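Engineer: Pasting a predicted model and its sequence here:
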Amino acid sequence: QVQLVESGGGLVQAGGSLRLSCAASGRPFSGYIMGWFRQAPGKEREPVAAINWSGGSTEYTDSLKGRFTISRDITKNTMYLQVDSLEPEDTAVYYCAAKSVRSSWYLVAAYPYWGQGTQVTVSS
C-alpha cells in the first residue's frame with residue numbers, strides 16, 4: 001500500500017521560503033513519477049512540479065519556474081519542494097502524488113496515489 005505523507009507547510013510572510021517534504025512508503029518507487037500539486041480555495045487542483053524518481057529529471061509549470069525547486073532523496077524515500085519568494089497567490093493546500101504510468105506529468109487524473117496535503121498560507 002503506497003503511503004505519501006506531506007509536511008512542512010505553515011504560515012509565512014510574503015517573500016519568505018518554505019521547504020515541503022513528502023515521505024513515501026509502501027513499495028519501491030523506481031520508475032515512478034512523483035509530483036507536487038496545489039489547490040487554492042475555490043479553484044481546481046493544479047500541477048506545480050514533478051520528478052522522475054529514478055533518473056531525477058524534473059518538470060515545472062512554466063509560471064512557477066525559478067521560485068519552486070523539486071528534489072528527492074532516494075536514501076530517505078522523501079521528495080521535497082523548496083518554495084522561495086512566496087506570494088499571497090501561493091496560498092493553497094499542497095499535495096504530493098505518485099504514478100507509474102507513462103502520461104503527461106501535469107495530469108491530475110493520471111496519479112492514483114495522493115497524500116493528505118499540507119496547508120501553505122502566505123500573508124501580505
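Structural biologist: Good, I have the coordinates. Numbers count the residues shown, from 1 in each chain.

Engineer: so what's the residue lying closest to residue 47 once chain neighbours are set aside scoring on pLDDT?
Structural biologist: In space, and not counting its chain neighbours, residue 47 is closest to residue 106: 3.8 Å by C-beta to C-beta, 6 or more residues apart in numbering. Backbone N, C-alpha and C define where each C-beta goes, glycine included. According to the prediction, residue 106 has pLDDT 95.

Engineer: Surely residue 89 is within a strand?
Structural biologist: No: counting by DSSP: H, G, I helix; E, B strand; the rest coil, residue 89 is not part of a strand but helix.

Engineer: I'd say residue 10 and residue 120 touch.
Structural biologist: Yes: with contact defined as C-beta atoms under 8 Å, residue 10 counts as touching residue 120 (7.1 Å).

Engineer: what do those two both touch?
Structural biologist: Jointly contacting residue 10 and residue 120 under the rule C-beta atoms under 8 Å, 6 or more residues apart in numbering are residue 18.

Engineer: the more surrounded of the two?
Structural biologist: residue 120 (22 against 13; other C-beta atoms under 10 Å).

Engineer: Pretty sure that one sits against residue 89.
Structural biologist: No: at 11.1 Å, residue 120 does not count as touching residue 89 under the criterion of C-beta under 8 Å.

Engineer: So the residue nearest to residue 47 is in contact with residue 50, correct?
Structural biologist: Yes: assessed by C-beta under 8 Å, residue 106 is found in contact with residue 50 at 7.5 Å.

Engineer: Give me the common contacts of the two.
Structural biologist: Taking C-beta under 8 Å, 6+ apart as the criterion, residue 106 and residue 50 both touch 35, 59.
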